[in-house]
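Student: model this:
(chains A and B)
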Amino acid sequence: MIKRIPVALLIFWLAAVLIGGVFGLHGNGIDLNAILATPSAQHWLGADDLGRDILARILKGVEISFSVAVLTTLVTMTIGVLIGLLAGFYGGKVDLILMQITDIFLAFPGMLLAIAFAAVLGPGMTNLMIALCIAGWVSYARLTRGQTLSLRNRQHVQAAESLGASVPRLLIKHILPLLGSILIVEATYSLASIMIAEASLSFLGLGIQAPNASWGAMLRDGVRYMLVAPHYVLIVGLSLMSLILAINLLGDQLRDKLDVRGLENA
Amino acid sequence: MVKRIVSFCIVIFGVLLLTFLLIHLVPGDPVEVMLGESASTADRMQLREDLGLNQPLYQQFGSYIAKLAHGDLGQSIHTKIPIIELIKTRYPATLKLAALSLIIGLVIGIPLGIYAALKANHWQDFVVTIISVRFSAMPAFWLGPMLMLVFAVWLGWLPVSGMESNSSIILPAVTLGFGLSAILTRMTRTSLLEALNEDFIRTARAKGLSEKTVIIRHALRAALLPIITIVGLQTGSLLAGTVITETIFSWDGIGRLLVESIEKRDYPVTQACVLVVALSYVLVNLCTDILYRFADPRVKFSHD
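Tutor: I've put the predicted structure just below:
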C-alpha cells in the first residue's frame, strides 16, 4: 500500500493539472477584492498578492515546471549520453579530452553554472532551459562513460565488432540498450532536480517571468508577504514538497525494481 | 601526483576561460544591455574601453588573466568600486555562514548516523533514515521560508532576516546545514555499519574491550574516511548554496552580491562572484583529496 503512494501522488497531480486545464483555470485573472485572501469557497487555497487564485497558479506552475523538466532532461540526456558513449567507446585521447571538459564543468558547484548562464542570457523560458542544459549534461556523460568503458569489452560487443559492425551500430544496437535501465533511473532523479533548479532560478528572478506561474516565483512572493499572509508560502511549500518527494520516491522504487546499483549517492 | 596537478591546472584554466566568456554570451551588445538604451554614446565608448571589449578575444583573455594575477577583478559598472573590495567585505560573511552550517551539519549528522548504525534495523534507525533520505532532497528555497515561517513569524524566537542581531545567523545556517546533516547521517550510518563487520572489530571485542571503546576508538576511526570525503565535497556545495540562502534571509554575503549584481546587470561583478565561488569550490575539493590520501596511506596518488 505504502509503495503506491508516490505513483498515487503523481497521478493526483497529473489529474489536477488536466482537470484544471479542462475547467480553463489559467491563474492569471486578477481579482482586486481577493488580494492575499485566505482559503474560501471561491478560492480554495486563497489568493496571492494580486488576487490571483493560488490553486490555479500552482497547477499552472506544475504544468510549466514539468514541461521544462521533461524537455531539459531529454536534451541533457541526449548530449550527455552521446559524449559519454564516445568517450567510453574510443578511450585514449578522445576520452581524456572529453573527460577533461567534463571536469571543468564539474568544477562549478551545481547551481552556480546555471545561475551564471541564466544571468547573462537574460530571463525567460528558453534561456532558462539553455542554462539548465549547460549545467545538466555532465552527470549523464560521466555515468554513460563509466558504463560504456566496461560494456565495450563484453563479448557480444566484440563479436559484433569482429563481424564488421559499424561504430554507430555498435553504440546504438549493442551498448545503448544495456544502459537503458540505469538511464531511466537517472532521468527520474534528474526530473526532480531540474524542477528544483528551475524553481531556484525562478526564485532568484532568473527563470520563468510574470505573468506566467512558477513555483519558485510564488515562493519568493510568499516570503515577501509572509507576515500578512502566511498561508500563501505554506501552501506553495507543501505542494512543492509533495511533488518532489513523490518523484524521488518513484526514482528509488524504479532503482530497486530495475536493480540498478551504484546510483545511491549519484 | 603529477597527473593530478596537470589535471588540476587544466581545470583552473577552464574555469577562468568559462567565466571570462560569460560576459560575451550576453545576447546582443553587452555594453548596451548593461547601460540601458538611454546611455550616451560617450558612456558606451568609455565602458567598452574600460572592459577592453574592443580588443580581439585572445588579447582580452590575456589581459583578464594578467589583471587577475595582480588581484584586479575590475570595477563595478554602477558604483565604480573595485570588485576586489566588494568581495573582501562580502566574502567573510559567507565564510562565517558556511562555517556555522558545517558545524551544524557535523554536530547533528555524525551522532545521528552513529545512533542509526547502532540501532540498525530497529524502528529508530528506520525513522532516522527516512527523515535524512527524504529531507536531504528538499531545496534551500523551500526549507528556508518554512523555517522562517515557523521560528520567526509564528514562534517569534528568531529574527526574520537581515544581519543586525547575533541570532540572525541561526536560521540561514540551519537552512544550509540541514541538508548536509542529512547526507552525513546516511554516510556515517553506512560506513560505521561496514566497519563494524570487519575482523578487527571482532578481535577488539574478543580482547574484552568495552563496547564504547570498540565503537569510538576502532570502528569510528575506520569509518572516518568516507565521512571526510563527503564533508569536503559538501563544503563546496555549501558555498554555492549560500546564493539562495543569503537571498532568502538578506544575508550580505557573496551569494547575495551575485544576485544583486545580476539584478543590476553589473556583469563584471557577476563574473567575479562566479569565479570566486568556483575557485573556492575547486580548492576545497583539492584539499579534501589531499587530506583523504594523507589520512589513509592505502590510497595512493598513482591509483587514478
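Student: Report the secondary structure element holding whichever residue of the stretch 101-250 of chain B sits closest to chain A.
Tutor: Distance from chain A to each residue of the stretch 101-250 of chain B (C-beta to the nearest C-beta) is smallest for residue B:240, at 3.3 Å. C-betas here are computed from N, CA, C, even on glycine. For residue B:240, the enclosing helix or strand under DSSP states H and E is helix B:220-249.
Student: Name the residues of that helix that are buried.
Tutor: Across helix B:220-249, burial judged by 16 or more other C-beta atoms under 10 Å in any protein chain shown covers B:220, B:222-227, B:229-249.
Student: who does the biggest helix by length in chain B touch, helix- and strand-wise?
Tutor: Identified as the longest helix of chain B according to DSSP state H is helix B:83-118. Packed against helix B:83-118 by the contact rule (3 or more C-beta pairs under 8 Å, 6 or more residues apart in numbering or on different chains; DSSP states H and E) you find helix B:123-135, helix B:170-196, helix B:220-249, helix B:254-263, helix B:267-295.
Student: For residue A:230, give me phi and psi.
Tutor: The phi and psi torsions at residue A:230 (degrees, to the nearest 10) take the values phi -60, psi -20.
Student: in the stretch 1-150 of chain A, which ranges drop under the pLDDT threshold?
Tutor: A:1-2, A:24-27, A:32, A:34, A:41 (pLDDT under 70).
Student: Can you tell me which residues in it are near chain B?
Tutor: Counting by C-beta under 8 Å from any C-beta of the partner chain, the stretch 1-150 of chain A comes close to chain B at A:100-101, A:103-104, A:107-112, A:115-117, A:119-122.
Student: Just the buried ones among the residues you listed, please.
Tutor: Buried by 16+ other C-beta under 10 Å: A:101, A:103-104, A:107-112, A:115-117, A:119-122, out of the residues of the stretch 1-150 of chain A next to chain B.
Student: now, which of the residues you listed sits nearest residue B:39?
Tutor: Set against residue B:39, the nearest of these by C-beta to C-beta is residue A:122 (17.7 Å).
Student: surely residue A:142 meets residue A:102?
Tutor: Yes - with contacts counted by C-beta atoms under 8 Å, residue A:142 reaches residue A:102, the gap being 6.3 Å.
Student: that older thread, spatially, which two of the buried ones among the residues of the stretch 1-150 of chain A next to chain B are the most separated?
Tutor: Greatest spacing in these, by C-beta to C-beta: A:103 and A:122 (28.3 Å).
Student: Would you mark the buried spots in stretch B:52-65?
Tutor: B:52, B:60-61, B:64.
Student: Stretch B:279-298 and chain A, are they touching?
Tutor: Yes - counting by C-beta under 8 Å from any C-beta, chain A is contacted by stretch B:279-298 at B:281-282, B:285.
Student: before we move on, the earlier item: I'd say the residue of the stretch 101-250 of chain B closest to chain A and residue B:277 touch.
Tutor: Yes - with contacts counted by C-beta under 8 Å, residue B:240 reaches residue B:277, the gap being 6.1 Å.
Student: which ones are touching the residue of the stretch 101-250 of chain B closest to chain A?
Tutor: Going by C-beta atoms under 8 Å, 6 or more residues apart in numbering or on different chains, residue B:240 touches A:108-112, B:277, B:281.
Student: Leaving out the residues flanking it, which one is nearest to it?
Tutor: Distances taken as C-beta to C-beta, 6 or more residues apart in numbering or on different chains put residue A:109 closest to residue B:240, at 3.3 Å, once the chain neighbours are dropped.
Student: do the same with residue B:54
Tutor: Nearest residue to residue B:54, sequence neighbours excluded (C-beta to C-beta, 6+ apart): residue B:48, at 5.4 Å.
Student: Same check on residue A:123?
Tutor: Nearest non-adjacent residue to residue A:123, counting by C-beta to C-beta, 6+ apart: residue A:209, 5.2 Å away.
Student: residues in contact with that neighbour?
Tutor: A:123-125.
Student: Distance of residue A:194 relative to chain B?
Tutor: From residue A:194 over to chain B the distance is 12 Å, taken as C-beta to the nearest C-beta, to the nearest Å.
Student: coming back round to it: isn't the residue nearest to residue B:240 right up against residue B:279?
Tutor: No - at 11.0 Å, residue A:109 does not count as touching residue B:279 under the criterion of C-beta under 8 Å.
Student: Pull the contacting residues for residue A:206.
Tutor: Residue A:206 neighbours (C-beta under 8 Å, 6+ apart): A:115, A:118-119, A:123, A:128, A:131, B:262.
Student: Got a quick ChimeraX command for the buried subset of those?
Tutor: Those of these that count as buried under 16+ other C-beta under 10 Å are selected in ChimeraX with:
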select /A:115,118,119,123,128,131 /B:262
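Student: Out of the contacts of residue A:206, flag the one nearest to residue B:131.
Tutor: Distances from residue B:131 to those, taken by C-beta to C-beta, are shortest for residue A:115, at 28.9 Å.
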